[in-house]
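Novice: Let me see the structure of the following:
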Amino acid sequence: MSHQSAVNDARARGFLRVLEISNAFMIEKDLHRLLHLIVEVAVRETHADRGSLMLLDPESQELSIYAAIGLPEGVIETTRVAVGQGISGWVARMQKPLILIRGVHPVPEIQEAMRNEQINSGLCVPVMHGELIGVLNVSSLKKAMPLAQSDLELLSILGEQAAVAIKNARLREELKQQLINSSKLACLGELAASVAHEVNNSLQSIINFGTLLHEDIKDGDLRKDDAEAIKAEALRARNIMETLLGIARTERTAKKNVDINNLLRAVVTLAQLSAKTGNVTIVENYCRESLLTEGSAEQLTQVFLNLFTNAIDAMPQGGKIEVESALHNKHIIVTVADTGVGIPRGTLSKIFDPWFTTKGNGTGLGLTVSLNIVQHHGGTVVVDSVENQGSRFTITLPRLEQRKGKYGGKKDTDSR
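Specialist: Below is the predicted model:
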């Protein structure tokens, strides 16, 4: 058989394996089994002893093994590789394939890593889909693998398929979570619409009689404080019901042009007293472009004021809040970041759930309502938080296009 015939046969086998994976895509719903199949095909077709698919943790910038063949269970569970370290870390940092042949690689640290791991030969490719997702590895310890260009091409295609599978799985999970959140909000809206008006009528009666009772009791009488407490708690309960009604009313609110920079300045002014009392500094960085969106100024003020209030509460010993506005791809980006206690990772997924709160006096509705308002304005809310370091809320809103004029992209910075 000629060399060209051998190459053609190798490519034909590779095509069949890719077709095998593609068929699995259509019938296999379990991501782990699908990725394990990809590693299995990669090991079999390259005649390797072992293989692994490592996924990147965006926060820690470390790679961990998600699917593997030929590796001890203990190695799979404990392996953590930082980007830039070792063979897989090098591929992740450079984002290009790597052919491993003992004694011939020009990078000294790669040769050292091969000696330490007793690798005779191997292939590594980055798993990417617009961004780095992980690294696909195959290697042989006992003998040299009969490496060819077709092997590298096959591994690259398998890496691409793995990337698509992972992206699709993550997208399905995001959509599932959005449906769950939408369902929760819909139920909450129905609850608000059905009971809030009736409860408000009763609360208003309590407030009225509490006010009259407070006025009738003479100063110095201990019962005067009790009457004030009745009125105050009834007002608090009414505010909660108004918050619930706000969820039901969001879709029916009339929308107007809102200048986000001016709105943020007004919110900062409202938050300054609490900030100064709590020894919190507010730093403002506003985009110089006109940032107009269509919506309710009152509702958006409620969203940002809630974020500022939460940020101040998260810094009992004082700290700093940074608010920034920017323009990106015809969208307004507003970030509110603090240097507070942060949100535990196990809690982060619950903060938008109705009634969930970590505050002793919280209602658990502030972020639920805020998310609902932003979504009805065609926007999104993203949260990044590190415990004991702080939290960052990023609000994205559609920008209302200007009819005339061009603007620069610089920022107007001030600190108060």
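Novice: confidence score at Val382?
Specialist: As predicted, Val382 sits at a pLDDT of 90.
Novice: what's around it, how many residues?
Specialist: 11 (other Cβ atoms under 10 Å). Quick note: C-beta positions are derived from backbone N, CA and C, even for glycine.
Novice: hey, what's it bridged with?
Specialist: Note on Val382: beta-bridge partners by DSSP bridges are Thr394.
Novice: Verify the stated contact: it with Ser391.
Specialist: No: in this structure Val382 lies outside contact range of Ser391 using Cβ atoms under 8 Å: 11.2 Å.
Novice: quick one: low-confidence parts of the stretch 301-416 of the chain?
Specialist: Low-confidence segments of the stretch 301-416 of the chain (pLDDT under 70): 354-366, 402-416.
Novice: 50 - rerun?
Specialist: 403-416 (pLDDT under 50).
Novice: mind listing the helices for it?
Specialist: Secondary structure of the stretch 301-416 of the chain by DSSP state H, counting those that start in this stretch: the helices cover 345-348, 366-376.
Novice: what about Leu132, distance to Gly86?
Specialist: 15 Å (Cβ to Cβ, to the nearest Å).
Novice: all helices of the chain, in order?
Specialist: Listed in chain order, the helices of the chain (DSSP state H) span 3-27, 31-46, 73-78, 86-94, 108-116, 149-216, 222-249, 260-277, 297-313, 345-348, 366-376.
Novice: Pick out the shakiest of those, pLDDT-wise.
Specialist: Ranked by mean pLDDT, the helices of the chain end with helix 3-27 at the bottom, a mean of 54.
Novice: got a list of what Ile351 touches?
Specialist: Ile343, Leu367, Val383 (Cβ atoms under 8 Å, 6 or more residues apart in numbering).
Novice: and the gap between it and His376?
Specialist: Ile351 is 19 Å from His376, where distance means Cβ to Cβ.
Novice: Most neighbours out of the contacts of Ile351, which is it?
Specialist: That'd be Leu367 among the contacts of Ile351, by other Cβ under 10 Å, with 23 neighbours.
Novice: Got the domain ranges for the chain?
Specialist: Domains of the chain are assigned by automatic domain parsing as 3-174, 188-251, 253-415.
Novice: you'd agree Ala42 is up against Ser156?
Specialist: No: the pair Ala42 and Ser156 fails to qualify as a contact (Cβ under 8 Å) at a distance of 10.5 Å.
Novice: between the two, who's got more neighbours?
Specialist: Ala42 (27 against 17).
Novice: Can you name the residues that contact the more buried one?
Specialist: With contact taken as Cβ under 8 Å, 6+ apart, Ala42 is in contact with Ala48, Gly51, Leu136, Val138, Leu154, Leu155, Leu158.
Novice: Apart from its chain neighbours, what residue comes closest to His331?
Specialist: Nearest in space to His331, with sequence neighbours left out and distances taken as Cβ to Cβ, 6 or more residues apart in numbering, is Thr396 at 5.3 Å.
Novice: hang on, the earlier thing: right, and the helices of the stretch 301-416 of the chain - which one's nearest Arg115?
Specialist: Counting by Cβ to Cβ, Arg115 lies closest to helix 345-348 out of the helices of the stretch 301-416 of the chain; the figure is 37.3 Å.
Novice: Restrict that closest one to CA atoms and write it as PDB.
Specialist: Presented in PDB, the C-alpha positions along helix 345-348 are these (Å, rounded to 0.1, in the frame of the first residue of the first chain):
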ATOM      1  CA  ARG A 345     -21.000  29.900  46.200                       C
ATOM      2  CA  GLY A 346     -23.700  27.600  47.500                       C
ATOM      3  CA  THR A 347     -26.000  30.600  48.000                       C
ATOM      4  CA  LEU A 348     -25.300  32.400  44.700                       C
END
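Novice: Quick check: the residue lying closest to Glu109 once chain neighbours are set aside vs Asn137, distance?
Specialist: Closest residue to Glu109 apart from its sequence neighbours, by Cβ to Cβ, 6+ apart: Trp90 at 7.3 Å. Remark: distance between Trp90 and Asn137 (Cβ to Cβ) = 11 Å.
Novice: Between those two, which is the more surrounded one?
Specialist: Remark: of Trp90 and Asn137, Asn137 carries more neighbours, 29 against 20, as counted by other Cβ under 10 Å.
Novice: For Ala144, grab the count of nearby residues.
Specialist: The burial count for Ala144: 12, using other Cβ under 10 Å.
Novice: If you tally nearby residues, what's the number for the residue nearest to it when sequence neighbours are not counted?
Specialist: Spatial nearest neighbour of Ala144, chain neighbours left out: Ser121 (4.7 Å); criterion: Cβ to Cβ, 6+ apart. Look at Ser121: counted by other Cβ under 10 Å, it has 23 neighbours.
Novice: my read: Ser121 touches Met145, true?
Specialist: Yes: if you go by Cβ under 8 Å, Ser121 and Met145 touch, sitting 4.5 Å apart.
Novice: shared neighbours, these two?
Specialist: Common neighbours of Ser121 and Met145 are listed as Ser139 (criterion: Cβ under 8 Å, 6+ apart).
Novice: pretty sure the residue nearest to His331 is touching Gly378, no?
Specialist: No: if you go by Cβ under 8 Å, Thr396 and Gly378 don't touch, sitting 9.1 Å apart.
Novice: More neighbours: which of the two?
Specialist: Taking other Cβ under 10 Å, Thr396 and Gly378 do not tie; Thr396 has more neighbours (19 against 13).
Novice: and the more buried one, what does it touch?
Specialist: Thr396 makes contacts with His331, Ile332, Ile333, Val334, Gly379, Thr380, Val381, Val382, as judged by Cβ under 8 Å, 6+ apart.
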